[in-house]
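Undergrad: Return a 3D structure for these sequence lines:
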Amino acid sequence: MYVCVCNALREKEFREAAQQNPEATVEQVFEALDSRVECGSCQVYAKLILTEERDKAKSPKPTATIPV
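TA: Coordinates of the predicted model:
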């Protein structure tokens, strides 16, 4: 799925860039992808992705337990 049609940015690559710096702004993630916000219609979805990635980064990593 595309996050930004103007820049042809897919959700996967946007998420990966957001994971690299979860505290980045939408504009900073676009910069990391050598793009910039054009028409702005993607910003709501882009902010949602950033929020999801921030939440993932803050939540504790699950640990596997081995039954004894």
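Undergrad: Show me where this protein has its helices.
TA: Using DSSP state H, the helices of the chain run over residues 11-20, 26-32, 43-58.
Undergrad: okay, those helices in a markdown table with distance to residue 5 and mean pLDDT next?
TA: In this view, the C-beta of every residue, glycine as well, is placed from N, C-alpha and C. Shown next, in a markdown table, are these (distance: least, C-beta to C-beta, whole Å; pLDDT from 0 to 100):
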| stretch | distance to residue 5 | mean pLDDT |
| --- | --- | --- |
| helix 11-20 | 12 | 95 |
| helix 26-32 | 13 | 95 |
| helix 43-58 | 11 | 93 |
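Undergrad: Turn those helices into TSV, columns for mean neighbour count.
TA: Shown next, in TSV, are those (neighbours: other C-beta atoms under 10 Å):
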stretch	mean neighbour count
helix 11-20	17
helix 26-32	18
helix 43-58	14
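Undergrad: what would these look like in JSON lines with distance to residue 3?
TA: Below are those laid out as JSON lines (distance: least, C-beta to C-beta, whole Å):
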{"stretch": "helix 11-20", "distance to residue 3": "5"}
{"stretch": "helix 26-32", "distance to residue 3": "9"}
{"stretch": "helix 43-58", "distance to residue 3": "6"}
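Undergrad: Ok, which of these comes nearest residue 1?
TA: helix 11-20 (4.8 Å; C-beta to C-beta).
Undergrad: State the distance from residue 21 to residue 50.
TA: 10 Å (C-beta to C-beta, to the nearest Å).
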